[in-house]
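Q: Sequence and computational prediction follow.
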Amino acid sequence: MNATVLLGPPGAGKGTVAEVLVDKGYVHISTGELLREQIRLETPLGLEAKKLMDQGRFVPDDVVVAMIRNLLESAENDTRFLFDGFPRTLGQAEKLDELIQSLGGSLERVVLLECPDDAIVERLAGRRTCGKCGSVYHVTFNPPSHGNVCDVEGCQLSQRTDDTEKTIRKRLDVYAERTAPLISYYEARNLIQPINANQPIEHVRADVVASIS
Ligand code: AP5
């Protein structure tokens, strides 16, 4: 197996970029989406995670690493993983290195989506998502074809409970404190591929596709 990491602050567009890479054969793993699935299923893990996520805080490393370990260990050898929102701490990054090494795989690159805070707040405040298929829209930058309805499922779109301005600011602070140090961790291994994510969606997607080919 080999892996690509999508790194960047909340709302930089990791999920939006991932959609186009899935079409190119990548298996998309979003730890945020895995946790929201646990919340929808109302599992004990989901109920604990929701409290932290609604405050903009991280779920403990061991919980997230266990989810990733299960997925990696059950994957085919030739799988190309695309990690979105993982790793998020130095501890998670070290565990990911160990896991990949134990499976004989390689971490190919870390695509860093760079975007200023003001643009992020505007993006997250206008984000709408489909509870059924996970499609992501924006009221202005990427609106659905009809009203507030998912193009794929035809159901009403909703706002994530962590997309309030207060929680967005907290998530940005936590990113700066705990996730941004991963940039130098991966820079030291020449794995970082920076992308200007502060441009229209199609431009960002095209730049990412060009950077991985
Ligand atoms: P997670 O779901 O990973 O959230 P996040 O990292 O905060 O990222 P987002 O999903 O908010 O943003 P995105 O970068 O994917 O942007 P998107 O493409 O949607 O995590 C949520 C929570 O779960 C965390 O806070 C934490 O509590 C927990 N968690 C998850 N993983 C964890 C881990 N590993 N360890 C511990 N805890 C963990 O785009 C955003 C909006 O902008 C959309 O509306 C989109 O249409 C629009 N948009 C996208 N690109 C553009 C563009 N170029 N121009 C204009 N608009 C754009």
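A: Everything's here; your move.
Q: Report the residue ranges of every domain in the chain.
A: Under the assignment automatic domain parsing, the domains of the chain span 2-115+179-212, 117-163.
Q: what about these, which gets the closest to the ligand?
A: Shortest distance between the ligand and the domains of the chain, using CB to the nearest ligand atom, is found for domain 2-115+179-212: 1.9 Å. The C-beta positions use only the backbone N, C-alpha and C, and glycine is treated the same way.
Q: How about stretch 74-90 and the ligand, any contact?
A: Yes: using CB under 6 Å from any ligand atom, stretch 74-90 reaches the ligand at 85-86, 88.
Q: In that stretch, which of the residues would be classed as buried?
A: By neighbour count with 16 or more other CB atoms under 10 Å, stretch 74-90 contains the buried residues 75, 79-89.
Q: got the end-to-end distance for that stretch?
A: End-to-end distance for stretch 74-90: 24 Å, by CA to CA, to the nearest Å.
Q: Contacts made by that stretch with the rest, please.
A: Outside of stretch 74-90, the residues within contact range by CB atoms under 8 Å, 6 or more residues apart in numbering are 1-6, 14-15, 18, 21-22, 25-33, 58, 61, 64, 68, 72, 92-93, 95-96, 104, 178-179, 181-182, 185.
Q: Repeat that for stretch 27-46.
A: 14-15, 18, 21-22, 47, 49-50, 53, 59, 63-64, 67-68, 71, 75, 79-86, 88, 131, 134.
Q: need the residues of this structure near the ligand, please.
A: Counting by CB under 6 Å from any ligand atom, the residues of the chain close to the ligand are 8, 10-16, 30-32, 35, 52-53, 56-59, 64, 85-86, 88, 92, 123-124, 126-127, 136-138, 141-142, 162, 171, 197, 200-201, 204.
Q: so what secondary structure elements neighbour whatever helix or strand residue 193 lives in?
A: Using DSSP states H and E, residue 193 maps to strand 192-196. Under the contact definition 3 or more CB pairs under 8 Å, 6 or more residues apart in numbering; DSSP states H and E, strand 192-196 sits against strand 106-114, helix 201-212.
Q: Report the separation between residue 81 and residue 173.
A: Plainly put, residue 81 is 28 Å away from residue 173 if you go by CB to CB, to the nearest Å.
Q: With residue 132 instead?
A: Distance, residue 132 to residue 173, by CB to CB: 32 Å.
Q: ok, back up a step: out of the residues of the chain next to the ligand, name the ones that lie in helices.
A: Cross-referencing the residues of the chain next to the ligand against helices under DSSP state H gives 14-16, 31-32, 35, 52-53, 64, 92, 123-124, 171, 201, 204.
Q: Could you give me the PyMOL selection string for whichever of these are buried?
A: A single PyMOL command suffices to select whichever of these are buried according to 16+ other CB under 10 Å:
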select buried, resi 14+15+16+31+32+35+53+64+92+123+124+171+201+204
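Q: Determine the number of other residues adjacent to residue 10.
A: Look at residue 10: counted by other CB atoms under 10 Å, it has 23 neighbours.
Q: Now render the buried residues of stretch 74-90 as CSV, adding pLDDT.
A: Shown next, in CSV, are those (pLDDT from 0 to 100):
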residue, pLDDT
75, 90
79, 95
80, 96
81, 97
82, 98
83, 98
84, 98
85, 97
86, 98
87, 98
88, 98
89, 98
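Q: Distance to residue 212 for these - can I get that in JSON lines?
A: Listed next are those as JSON lines, based on distance: CB to CB, whole Å:
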{"residue": "75", "distance to residue 212": "19"}
{"residue": "79", "distance to residue 212": "16"}
{"residue": "80", "distance to residue 212": "10"}
{"residue": "81", "distance to residue 212": "13"}
{"residue": "82", "distance to residue 212": "9"}
{"residue": "83", "distance to residue 212": "13"}
{"residue": "84", "distance to residue 212": "14"}
{"residue": "85", "distance to residue 212": "18"}
{"residue": "86", "distance to residue 212": "18"}
{"residue": "87", "distance to residue 212": "19"}
{"residue": "88", "distance to residue 212": "21"}
{"residue": "89", "distance to residue 212": "24"}
